[in-house]
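**Q** no sequence on this one, just coordinates:
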Ligand SMILES: Cc1ncc(C[n+]2csc(CCOP(=O)(O)OP(=O)(O)O)c2C)c(N)n1
Ligand SMILES: Cc1ncc(C[n+]2csc(CCOP(=O)(O)OP(=O)(O)O)c2C)c(N)n1
Ligand SMILES: [Mg+2]
Ligand SMILES: [Mg+2]
């Protein structure tokens, strides 16, 4: 993966994690994930007249995370516009637009605010393709900023991936860095299937030196972001940073940690993940969502089904607690950390 | 568990599984699950003036499955009433009633029709208790007929349990037989926590000889419904019948199968399930919901975490395929069957 | 002011006040509607019967609502789109979807089995009012592309309570999307009567809150329904924005085969509405106006019988369904997991000799 | 017909036509409202400042909307309930919730930290319009129990677009639940202007579709807001059913500290609305009427300063939070899994010496 650097950018919501200043190699451009997503939308809008972008505050304001900054001014009202504050209406009308041949990219302002659209997503967006025997596909991308780490107030830090991954008919992906953000969003928009595009809020301001347009791995493939021999950490979104930190710390203790960034939650790249687990014989899944009934359970269950006899120990889950996401001043206690990951690995008999 | 007998009752929707005629022991009464739930509601309404029941068609019609048959006439408009066809409104107003001290029991007519209430359930019903530090509890029961097997049309056969079990703050239970249906619904209504009460549609007409009121195990405990030595089948709702059939068939092939009826999905009775798995060393989970990202994954993951070293083989999942629930004439191919369960067990190296 | 009416309950031309400025449709249009209503009636009766015989999983009859179902379809142009609800099988039929395409859902062959783009008819949508938003989105998309397309969609009195109904009205009016909402107020949502569904004097009143035209129409007067819907459709096409039309009508049959209306309504009520039959009303008017004669009536009756018998044959023949197709359309992209699962079912079927 | 007005923009008594039959509230009531608005203004400014300094996670200022926030609260009786939205911190304050209780949410101590039953104030609700349904349910429950309780709830112009707003209006009117909906039309939903939110001439028009009273009020005229809301509250209490009241006002401050209004509105527009300040208007009227003198004004100003400084002290002191409490309230019943997880965090904290 291209080298990651991070810099300190004021988050649109307070309490954001502060990060290292950027040192950028010549010839490339330091790009935040928010800027990469913005570029992906701009390029898609430019290349395909059927791409439209709408949602709440995505016009003049440029989105609460500035992901759509400047697009309304550049492409005008017929391509990028602010709409009423009603998520079922947003997804429902996006479905109708897709039925007429457009490729809508809509934004749910925060994870929990996708819930009013639940019926439209689960009963229509996910099912229309199979319902019509493929005669009516819905190339709709639903962008959802998700998870915590930015000191958000209630409903602004949910990790809702389990709801979407449990829904057949949806493709669910989540980038962990700017270059994937660009590449995967372009691919999601080009896909004829509906895509739930999960954007890890706390990573919006992480930046990377990258030249655009960048095409990384296919959207549905996982990536080994660090190789190791002793244990595989399976992560996605904000969890990748935690996993890499844990790997770094582990190395200091002679623990050789391999880190896999899933990138795609549904479909799941069994091949890449199982190959890593076969090699290391041990694995742990990391995510912010509450552990019970989480997507991490699917990861642990399916990898164990396939690799039971190469596993030396049960697959562990380092996740949020089984509680509603805490208030800003307490979220730190709920978020997985490198220390917590390493402590969990210590519970194994080695 | 009390002896189960089953009889042939016309399902309100066509294509219902036909079952054995009842032989009822003297002194007891043959009761369908629908009738048991009806009795539980009647008794709760009688004993507690704060219990109210409302929803779509639950009044004069008695509910599309007749679970509320006769209640409106018996208790009148102030206790049992039909309301507008709007599920968010139903759950939202139930929350407000609970805030004033009532104990509303609301019905979602079919599983997929709970989706419009998703925000009210996930963002309020599940969170109000922790939000208010326990100062405002919401003793609301949301009854949801779920899963297939009755030849329903689209949206009438979803298994939505994964959505609810992934939501901290909810208690999620599902009975598999009439006596549990009565006992668990009474307990759910008495609970100060919000309860998602999942009613397996295809079991509404299964009947059992039982004397009411019946108090079975606590709502949150799993039950070993058949003891065996070689393998543990973990099931719930309609899956319990499939598991018992598989056990019966397995016995013919000298396979000694233990069957656990989870009853409560959240909380999860680790004690009972793990004890069984420690004994048998092998386990499989059965449910109708699509396997990917399902509740079965949580079962497999957590039991493996706890019992890895007593497991002789990976925990298998016999579930619906990773597709939207099929149309009536094809649902049989998607539903777990005893044959499919036994075939899966054969894939293990014994 | 009562509902708009062009033909009164006795089949006579209604007074100017009742007409509220709307013109009587041409004889040609009315004859076409008469024909479609007659075919629809016969089809509906046949399918209801087949459903009772267990040939279909379920069916939601349109009997008595033919004016609301058929007249709006007649007001559409070929490029327009129709977004039906669970009640609207006969509307789909009138729009040209063949019986097999209409009934696949109800028999349980597949959730939808016709090409929406060929007929400009969306798959029938069950979640109440959810499809209204699809109509608004499609209408807006067409407008953005500069196409003269109007989206017509139906909802019921019960569906009007869903949040999506409001969101659709609001998006349509805010965007001035060329959408026509026809609310068939048939007095019940399954068993729930109007009095428990709404406090509104009329559903047409809802339009006020979106500053769009709202029309209350006699839903058993095909001429009035056509005139008002046609006006709204052309208004929308011309850029005038959406309209909401309430047709006051009645569901003569049970909600579906699994319903028991005797639990919640009296047969007197049903009989009173039977007397207001929309087809008989139109026939009386057309005969009185001398534009409908026995010959035409018999011809249409003959067509209806043919439709009934072909539908009967269609439903009596077991459909050839391939369970493996369950895996083929879930995604446009290939999914390894589904390929594996498809193969597993294939093996299972082979071992079981195709049976299950 | 324009918005109902009792005191015009210059602080003079408005004409009879503008008053639309509503009576000027008593001097006592107006003085009370004046006092609460003044306290609220000072509190709001202080909290906004503290938020800019990073003492709070976020804050949604009510500056400029004090008439809509305070006057309705003054129209309630002790047993009535108030269901606030994200914008309504000062309404909660006026209802008696102490600053710590109001601000715990905004600072990020806990999602809500006061006893709703003690103040008859629900936790502020963030998901747009979702809390309206809670108000309707509570009102209906109280009515079923025969208690003379009214539920008051606030929503914004943006929240009016949510399906839940419609469902709440419909349930309330169908059940005739004693609920009063006050819609604060402050012209924006974050950055989205009215023209992209609705096509309605006024939100009060929405009431027509539910056959409930709808009133359009000058939202910067505290006297008018009080008179109309008090009328609706007592009507509801008497069994007259719900009402919808739109107050036309303006959000002077940014949506929250993380907003940048310069991206979507002009400072001229803001200044024009500043000139319509609701507190100045009331003060001018009360002084003109000879019921407000310097002494009272100074006394209230003094109270306001005390409130500001106590609030400052409160927010400058780090709250004592126990992370282990995260596990204690999720369920009323005991959960083995949460007991385990609590113990795990306790061990972790012990090892880390309480720090993380
Ligand atoms: C969201 C949702 N909730 C519940 C249902 C179940 N249901 C099917 S039809 C119906 C009544 C609909 O009444 P109405 O809108 O008046 O249409 P009608 O059947 O009278 O034509 C209900 C509640 C549904 N289809 N969708
Ligand atoms: C369901 C939902 N979607 C989105 C949001 C994000 N959001 C918070 S405030 C707001 C604008 C609300 O505007 P309005 O109702 O006019 O209230 P105001 O902030 O102007 O007082 C939005 C979209 C939310 N809170 N809930
Ligand atoms: Mg109806
Ligand atoms: Mg606003």
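**A** Ah, there it is. These figures come from a predicted structure and were not determined experimentally. Ligands and ions are numbered 1, 2, ... in the order given.

**Q** alpha carbons only for contacts and neighbour counts from here, please
**A** Fine.

**Q** how close does whatever residue of the stretch 201-350 of chain C ends up closest to ligand 1 get to residue C:87?
**A** Ligand 1 sits closest to residue C:255 of the stretch 201-350 of chain C, with a gap of 6.0 Å, by C-alpha to the nearest ligand atom. Counting by C-alpha to C-alpha, to the nearest Å, the gap from residue C:255 to residue C:87 is 9 Å.

**Q** the more surrounded of these two?
**A** Taking neighbours as other C-alpha atoms under 10 Å in any protein chain shown, residue C:255 and residue C:87 compare with residue C:87 leading, 25 against 19.

**Q** just give the number of residues close to the closest residue to the more buried one other than its chain neighbours.
**A** Among residues not flanking residue C:87 along the chain, residue C:60 sits closest, at 5.3 Å (C-alpha to C-alpha, 6 or more residues apart in numbering or on different chains). Residue C:60 has 22 neighbouring residues, counting by other C-alpha under 10 Å.

**Q** residue C:60 touches residue C:258, doesn't it?
**A** No. With contact defined as C-alpha atoms under 8 Å, residue C:60 does not reach residue C:258; the gap is 9.8 Å.

**Q** where's the residue of the stretch 1-150 of chain A found nearest ligand 1, which helix or strand?
**A** Per C-alpha to the nearest ligand atom, residue A:119 is where the stretch 1-150 of chain A lies closest to ligand 1, at 8.2 Å. Under the criterion of DSSP states H and E, residue A:119 resides in helix A:118-119.

**Q** what about that helix and chain D, touching?
**A** No. Contact of helix A:118-119 with chain D (C-alpha under 8 Å from any C-alpha of the partner chain) is absent, the minimum separation being 12.3 Å.

**Q** tell me what that helix is packed against?
**A** Packing partners of helix A:118-119 (3 or more C-alpha pairs under 8 Å, 6 or more residues apart in numbering or on different chains; DSSP states H and E): helix B:118-119.

**Q** contacts for the helix it packs on?
**A** A:112, A:115-116, A:118-119, B:88 (C-alpha atoms under 8 Å, 6 or more residues apart in numbering or on different chains).

**Q** from the chain's centroid, how far away is that helix?
**A** 20 Å (C-alpha atoms, centre = their mean, to the nearest Å).

**Q** distance from the following helix or strand past it to the middle of the chain?
**A** Proceeding N to C from helix B:118-119, the next assigned helix or strand is helix B:128-131, under DSSP H and E. The chain centre lies 25 Å from the centre of helix B:128-131; the measure is C-alpha atoms, centre = their mean.

**Q** and the contacts of helix B:128-131?
**A** So helix B:128-131 is contacted by A:324, B:134-138, B:169, B:193, D:110-113, D:326, D:328-332 (C-alpha under 8 Å, 6+ apart).

**Q** can you select the buried ones among those residues for me in ChimeraX?
**A** Only the buried entries of the contacts of helix B:128-131 go into this ChimeraX selection, using 16 or more other C-alpha atoms under 10 Å in any protein chain shown:
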select /A:324 /B:134,135,136,137,138,169,193 /D:110,111,112,113,326,328,329,330,331,332
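
**Q** if we can go back for a sec, so how far is residue C:252 from the residue nearest to residue C:87?
**A** Distance from residue C:60 to residue C:252, counting by C-alpha to C-alpha: 11 Å.

**Q** also residue A:269?
**A** In terms of C-alpha to C-alpha, residue A:269 sits 54 Å off from residue C:252.

**Q** just give the nearest non-adjacent residue to residue A:205, would you?
**A** Distances taken as C-alpha to C-alpha, 6+ apart place residue A:32 nearest to residue A:205, at 5.2 Å, with adjacent residues excluded.

**Q** show the pLDDT at the one you found.
**A** If you check residue A:32, the pLDDT there is 98.

**Q** swap in residue A:57?
**A** pLDDT recorded at residue A:57 is 98.

**Q** ok, the closest residue to it other than its chain neighbours - contacts?
**A** In this structure, residue A:57 finds its nearest non-sequential neighbour in residue A:63, 5.1 Å apart by C-alpha to C-alpha, 6+ apart. Residues near residue A:63 by C-alpha under 8 Å, 6+ apart: A:56-57, A:69, A:109.

**Q** which parts of the chain are strands?
**A** Using chain A. Assigned by DSSP state E, chain A shows strands spanning A:29-32, A:51-55, A:80-82, A:103-107, A:141-146, A:171-173, A:195-200, A:207-210, A:223-226, A:231-235, A:257-261, A:264-266, A:283-290, A:316-320.

**Q** sorry, should have said chain C
**A** Going by DSSP E, chain C shows strands at C:81-83, C:151-156, C:179-185, C:188-189, C:192-193, C:214-218, C:243-248.

**Q** residue D:206 is nearest to which of those strands?
**A** strand C:214-218 (13.0 Å; C-alpha to C-alpha).

**Q** list the contacts of the closest one.
**A** C:2-5, C:202-208, C:224-225, C:228, C:243-249.

**Q** mind giving me the ChimeraX command for buried ones among those residues?
**A** Buried members of these, defined by 16+ other C-alpha under 10 Å, are picked up in ChimeraX with:
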select /C:3,4,5,202,203,204,205,206,207,208,224,225,228,243,244,245,246,247,248,249
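
**Q** pLDDT score assigned to residue 105?
**A** As the question left the chain open, I've gone with chain A. On the pLDDT scale, residue A:105 gets 99.

**Q** wait, I meant chain C there
**A** Residue-level confidence at residue C:105 comes out at 98, pLDDT.

**Q** please name the nearest non-neighbouring residue to it.
**A** Leaving out its chain neighbours, the residue that sits closest to residue C:105 by C-alpha to C-alpha, 6+ apart is residue C:111, at 4.8 Å.

**Q** excluding its backbone neighbours, what's nearest residue C:193?
**A** Per C-alpha to C-alpha, 6+ apart, closest to residue C:193 is residue C:187, 5.9 Å.

**Q** which residues touch the one you found?
**A** With C-alpha under 8 Å, 6+ apart, residue C:187 has these contacts: C:157, C:193-194, C:248-251.
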